[in-house]
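Engineer: Curious how this folds, go ahead:
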Amino acid sequence: MSEALQQPLAEGAEVRAKDYLEALDWIKVLRSRLEEILQRCQAFVVPAILGTATHLDNPEELICFQDFWNLCGMSVLSIPLFQSTSGMPLGVQLVGPLAGEARLLRTARWLEATVRGESFSEE
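Structural biologist: Down below sits the predicted model:
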């Protein structure tokens, strides 16, 4: 195995079962709080990555923000909604409720249409 893979595996082996089970409980608490907020809005709009898209030859520079949402099991999608002055895509993530993919896709279509100045219809 590569050294890059060996290090996280060694760190994971040091985690005690008690600590792991407590961390799983926190996921439930976080998801519950997020679900409460999402009862009052369609989705969160958050950055997809730090800055604009990077060139494929520099993937290590890419800092993504989806890990927290994935940990909590939330519905997430990214949209290249804007463009930087250098021409690179600037994406946003829409975060919706657990198993809320259909609602999230409708919200994404509405957001794209609104940003582009187009009318939106749910037909």
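Engineer: which residue packs closest to the one residue sitting closest to the centre of the chain, ignoring adjacent ones?
Structural biologist: Centroid check for the chain by Cα atoms, centre = their mean gives residue 66 as the closest residue, at 3.0 Å. Closest residue to residue 66 apart from its sequence neighbours, by Cβ to Cβ, 6 or more residues apart in numbering: residue 76 at 5.6 Å. No exception for glycine: its C-beta is placed from N, CA and C like everyone else's.
Engineer: Could you say which helix or strand holds that neighbour?
Structural biologist: When elements are assigned from DSSP states H and E, residue 76 belongs to strand 75-83.
Engineer: And the next helix or strand past that strand?
Structural biologist: Past strand 75-83, the next helix or strand by DSSP H and E is strand 89-96.
Engineer: Give me the contacts around that next one.
Structural biologist: 34, 38, 42-49, 51-53, 65-66, 69, 74-84, 103-104, 107-108, 111 (Cβ atoms under 8 Å, 6 or more residues apart in numbering).
Engineer: contact partners of stretch 66-80?
Structural biologist: With Cβ under 8 Å, 6+ apart as the test, stretch 66-80 has contacts from 27, 30-31, 34, 48, 53, 89-101, 103-105, 108, 111-112.
Engineer: Show the buried residues in the residues you listed.
Structural biologist: 31, 34, 48, 53, 90-97, 100, 103-104, 108, 111 (16 or more other Cβ atoms under 10 Å).
Engineer: Would you mind pulling up the elements that the helix ranked longest in the chain packs against?
Structural biologist: Longest helix in the chain, counting residues (DSSP state H): helix 17-38. The elements that helix 17-38 packs onto, with contact taken as 3 or more Cβ pairs under 8 Å, 6 or more residues apart in numbering; DSSP states H and E, are helix 67-72.
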